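[1] sequence-free structure coming up:
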């Protein structure tokens, strides 16, 4: 399939551009557009709207290339944080649109130019241009490598000790200080969790695998009035269906084959404390019914028992599933959902925790070094850039195991890009899972459509015995000719 990427030029609108337009002269932006061929122009501006409107009228009268503009509110044209947020948001959006990026460095303040270089050398593949009256329009080669991640401003950074969040075993004394972050969203979640810790309401924690759901649960328990009582954690997805009642509510001796003694269920084990039900969305509807009754009445009957017992348990649940979808589809009880979803925390994946990825990487490397001096390594610039670009669907657990492998593979004092590349697991995407493609890695939407068309056209032709008229009807197409046109467009051969 031919390359369908659009060539996009990105730039701030600068004072020289506006003044040049007022004089009827070519400024840096117009000069660059005339000197090169682009499919689209994306401009950021922080000038008054009336000045920019006049400039755009002039610019669009000189070129036929489509131009999009985005107004940005900056506290100052030299405020690095505001500039970074605006520039990064635009580049991130464009990188997900299958584009070839070019950045014009000349317009704007030195701070704007510095941020373009930082982003273009670390996070987004691009070409750099500069334009001046003296030198004209030039393609710029920046002869050095960088690896950097934006660190947002926060009022207070948590104690940067060895991060237990990166460990597969959450410490029993986990506290909110163990949740290391510089990300504003995560800082807000920590604050919300600290408020919930002082209450007795049920808490539901959403998040992908490895995002730290149990760490949050333990921190909530340890900051609550129940901190000196039991904290019991169980993975609901690992409970055998025929033993679910026994595991949750306990059983009496002789209640079933193999019940050779009385056994306390997790509710009884956690009595007075906190019960953490991980992968809560895996419970069957039948178990959900019985669980709801226990949560409503704080009373349960062990399997084989003849009388109820009272329990006092604070419930924290966690899941990677969207339970509201389960409610709509009928796989999860609506009344149970509203019972457990009082305090709700959505933990973001680390690929969305801007500012935290390299921080977490350094913490994990420090942890490895403390465990064994032979594992003390530094990361090369290339390795850091690979870390920043990888989607990390396994989140901190995947990051931890990848770093360990890379450190083991490395035969020098530094982990190279090659070492890290060898340590990464690149999970293949299921061809039939068209709704779960990773947009952060780029999606060839034309290929996706082509694969889908090919699959169903061939399947329908096989079903109709290669009768194109019937196949067209089954596919909802107007005629056999329409089907033929589709087959020609997507290169589908009739067997």
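    Okay, I see it. None of these values were measured; they are calculated from a predicted model. Numbers count the residues shown, from 1 in each chain.
[2] make it CA atoms for all contacts and neighbour counts henceforth
    Will do.
[3] Strands along the stretch 201-350 of the chain, start to end?
    203-206, 231-235, 274-278, 299-300, 309-310, 314-319, 343-346 (DSSP state E, counting those that start in this stretch).
[4] how many degrees apart are the third one and strand 231-235 in direction?
    So that's strand 274-278. 20 degrees (axes from the mean of the first three to the mean of the last three CA atoms, to 10 degrees).
[5] Strand 274-278 - contacts with which helices or strands?
    Using 3 or more CA pairs under 8 Å, 6 or more residues apart in numbering; DSSP states H and E as the contact definition, the elements that strand 274-278 packs against are helix 213-222, strand 231-235, strand 314-319.
[6] That strand pairs with which strands, parallel or anti?
    Using DSSP bridges, strand 274-278 pairs in its sheet with strand 231-235 (parallel), strand 314-319 (parallel).
[7] just the angle between that strand and helix 213-222, please?
    Interaxial angle of strand 274-278 relative to helix 213-222 (the same axes, to 10 degrees): 170 degrees.
[8] cool, and the longest one?
    In this structure, strand 314-319 runs at an angle of 170 degrees to helix 213-222, with the same axes, to 10 degrees as the basis.
[9] What is the least confident helix or strand in this structure?
    helix 445-463 (a mean of 82; mean pLDDT, DSSP states H and E).
[10] picking up where we left off before, tell me the most buried of the strands of the stretch 201-350 of the chain?
    strand 274-278 (a mean of 26; mean count of other CA atoms under 10 Å).
[11] What mean pLDDT does that strand get?
    Average pLDDT, strand 274-278: 95.
[12] for it, the distance to its chain's centre please.
    Taking CA atoms, centre = their mean, to the nearest Å, the mean C-alpha location of strand 274-278 is offset from the chain mean by 25 Å.
[13] who touches it?
    214, 217, 221, 226, 229-237, 266-267, 313-319 (CA atoms under 8 Å, 6 or more residues apart in numbering).
[14] one step back: let me have the strands paired with strand 274-278 in a markdown table, adding distance to residue 277 and mean pLDDT as columns.
    Converted to a markdown table, the strands paired with strand 274-278 look like this (distance: least, CA to CA, whole Å; pLDDT from 0 to 100):
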| stretch | distance to residue 277 | mean pLDDT |
| --- | --- | --- |
| strand 231-235 | 5 | 93 |
| strand 314-319 | 5 | 95 |
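[15] Assumed residue 422 was part of a helix.
    Yes - per DSSP: H, G, I helix; E, B strand; the rest coil, residue 422 lies within a helix segment.
[16] With adjacent residues omitted, what lies nearest to it?
    Distance criterion CA to CA, 6 or more residues apart in numbering; nearest residue to residue 422, sequence neighbours excluded, is residue 406 at 7.3 Å.
[17] Was I right to think residue 244 contacts residue 287?
    Yes - the pair residue 244 / residue 287 is scored as a contact, 7.2 Å apart, by CA atoms under 8 Å.
[18] now what about stretch 198-212, what contacts it?
    By CA under 8 Å, 6+ apart, stretch 198-212 touches 165, 196, 213, 223-225, 314-321, 339-350, 393-398.
[19] Report the residue spans of the stretch 151-300 of the chain with pLDDT below the cut-off.
    151-174 (pLDDT under 70).
[20] ok, residue 358 to residue 383 distance?
    11 Å (CA to CA, to the nearest Å).
[21] can you check residue 80 too?
    In terms of CA to CA, residue 80 sits 25 Å off from residue 383.
[22] try residue 424
    Residue 424 is 11 Å from residue 383, by CA to CA.
[23] related to what we said a few turns ago, now distance to residue 124 too, for the strands of the stretch 201-350 of the chain, in a markdown table please.
    As requested, the strands of the stretch 201-350 of the chain are exported to a markdown table (distance: least, CA to CA, whole Å):
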| stretch | distance to residue 124 |
| --- | --- |
| strand 203-206 | 30 |
| strand 231-235 | 39 |
| strand 274-278 | 37 |
| strand 299-300 | 57 |
| strand 309-310 | 58 |
| strand 314-319 | 33 |
| strand 343-346 | 28 |
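[24] tally of neighbours for residue 96?
    13 (other CA atoms under 10 Å).
[25] Over to residue 75?
    12.
[26] my guess is it contacts residue 82, does it?
    Yes - assessed by CA under 8 Å, residue 75 is found in contact with residue 82 at 7.1 Å.
[27] Pull out the buried residues from the helix or strand residue 86 falls within.
    Following DSSP states H and E, one finds residue 86 within helix 80-95. Neighbour-count burial for helix 80-95, counted by 16 or more other CA atoms under 10 Å, picks out 81-84, 86-88, 90-91, 94-95.
[28] go on, stretch 252-265?
    252, 255, 262-265.
[29] what does stretch 125-144 give?
    126-131, 137.
[30] out of those, who's nearest residue 480?
    Nearest to residue 480 among the buried residues of stretch 125-144: residue 126, at 45.1 Å, using CA to CA.
[31] Now for the closest one: which residues touch it?
    Neighbours of residue 126 in contact, by CA under 8 Å, 6+ apart: 100-103, 120.
[32] which one of these is nearest residue 463?
    The closest of the contacts of residue 126, once distances to residue 463 are taken by CA to CA, is residue 100, at 42.2 Å.
[33] excluding its backbone neighbours, what's nearest the closest one?
    Closest to residue 100 by CA to CA, 6+ apart is residue 7, at 4.7 Å.
[34] How many residues are close by that neighbour?
    16.
[35] Touching, it and residue 36? I think so.
    No - using CA under 8 Å as the test, residue 7 is too far from residue 36 to be in contact (10.2 Å).
[36] on that earlier part again, neighbour count for residue 244 and residue 287, which is higher?
    Taking other CA under 10 Å, residue 244 and residue 287 do not tie; residue 244 has more neighbours (18 against 13).
[37] on that earlier part again, so which of the buried residues of stretch 125-144 sit within helices?
    Residues of those located in helices (DSSP state H): none.
[38] Next step: those residues restricted to strands.
    Taking DSSP state E as the definition of strands, these contribute 126-131, 137.
[39] Make TSV from those residues and add pLDDT and distance to residue 19 to it.
    Shown next, in TSV, are those (pLDDT from 0 to 100; distance: CA to CA, whole Å):
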residue	pLDDT	distance to residue 19
126	89	28
127	91	26
128	92	23
129	93	20
130	91	18
131	89	15
137	90	18
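[40] quick check, nearest of those residues to residue 192?
    Nearest to residue 192 among these, with distances taken as CA to CA, is residue 126, at 39.3 Å.
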